[in-house]
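J.: Structure of the sequence below:
(one chain, ligands or ions: 2)
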Amino acid sequence: MKIKSAEFVMSNSDVAKCPKNRIPEYAFIGRSNVGKSSLINMLTDRKSLAKTSGRPGKTQLINHFIINDNWYLVDLPGYGYARVSKTSKKKFQKFITNYFEQRQQLVSAFVLVDIRHKPQTIDLEFMQYLGENGIPFGIIFTKADKLKPNAIDNHVEDYCKELLKTWEEVPPYFITSSSKKIGQDDVLDFIETTNEEIEALKNE
Ligand code: GTP
Ligand code: MG
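T.: Numbers count the residues shown, from 1 in each chain. Ligands and ions are numbered 1, 2, ... in the order given. Sure thing, here's the model as predicted:
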């Protein structure tokens, strides 16, 4: 897919205030600092569409971006950031779970995981949560530039093995690096194909 336009639409913490257009939406979620906002910039070929930071906890709201005037990309705050207070963590959890449970336009989530790490409970639990709520998801391995190619293969294989302990099949997954621009076509082609399938269903 070619990115012809990518524009910020709005930020908020209330799913009821999210854009009303009924166009397909894809949300990026994962631990703080895993590289969600950087990935969004890489995918859209924009340097600073989404705000990034070396310090975890940068993204605090639900951020909608409209791509090619026909689908939304959503940047979300990260989970698992220890330094926020318990109250703000609870509030966060609530508006994020409200988003996932109520957002009808949501077609698929992407759970981002740092390719260097072994499967983490918090990520596996979040995938479990998505599964229980019937929300389709893919996995995006980030920061692939930090590993050599054979280490990438090993890490991905181990991750898939872990998933197969609880899932019947491995979800779609993508290997990416925002700094080296790896995986852009894979993710965008997946979104494009999914959008086409939705369009075809509408015309049936
Ligand atoms: P929160 O908004 O705090 O939840 O973080 P985030 O997941 O949006 O992460 P963000 O994109 O802000 O990136 C966090 C840090 O990781 C920044 O210092 C980025 O430069 C770095 N980073 C992101 N993607 C990559 C990557 O592909 N490779 C490398 N080497 N660093 C990356
Ligand atoms: Mg962010």
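
J.: Could you pull up the residues touching Thr142?
T.: For Thr142, the contact set (Cβ atoms under 8 Å, 6 or more residues apart in numbering) comprises Gly30, Val34, Gly35, Ser38, Leu39, Leu112, Val113, Asp114, Ile115, Thr176, Ser177, Ser178. Backbone N, C-alpha and C define where each C-beta goes, glycine included.

J.: wait, Pro24
T.: Asn70, Trp71, Tyr72, Gln105, Val107, Thr194, Asn195, Ile198.

J.: Filter these down to the buried ones, ChimeraX style.
T.: Only the buried entries of those go into this ChimeraX selection, using 16 or more other Cβ atoms under 10 Å:
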select :71,72,105,107,194,195
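
J.: Any idea how far the helix or strand encompassing Asn150 is from the middle of the chain?
T.: For Asn150, the host element (DSSP states H and E) is helix 149-163. Distance of helix 149-163 from the chain centroid (Cα atoms, centre = their mean, to the nearest Å) equals 19 Å.

J.: Any buried residues in it, and which?
T.: Buried residues in helix 149-163, counted by 16+ other Cβ under 10 Å: Ile152, His155, Val156, Tyr159, Cys160, Leu163.

J.: ok, of the contacts of Pro24, which one's closest to Ala50?
T.: Tyr72 (13.0 Å; Cβ to Cβ).

J.: quick one: the residue lying closest to that closest one once chain neighbours are set aside from Asn195, how far?
T.: Excluding the flanking residues, the one nearest Tyr72 by Cβ to Cβ, 6 or more residues apart in numbering is Glu25, at 4.1 Å. Applying Cβ to Cβ, to the nearest Å, the value for Glu25 to Asn195 is 11 Å.

J.: Touching both of those two, which residues are there?
T.: Trp71, Val107.

J.: for this structure, what helix or strand is lowest in average pLDDT?
T.: When each helix and strand of the chain is scored by mean pLDDT, DSSP states H and E, helix 86-102 comes last, with a mean of 82.

J.: Just list what that helix packs against, helices and strands only.
T.: Packed against helix 86-102 by the contact rule (3 or more Cβ pairs under 8 Å, 6 or more residues apart in numbering; DSSP states H and E) you find strand 25-30, strand 62-67, strand 106-114, helix 121-132.

J.: Need the winner for burial among those.
T.: Burial of the helices and strands packed on helix 86-102 is given as mean neighbour count (mean count of other Cβ atoms under 10 Å); strand 25-30 ranks first at a mean of 24.

J.: what does that strand rub up against?
T.: Here strand 25-30 makes contact (Cβ under 8 Å, 6+ apart) with 36, 39-40, 64, 71-76, 78-79, 96, 99-100, 103, 105-113, 123, 126, 140, 142, 191.
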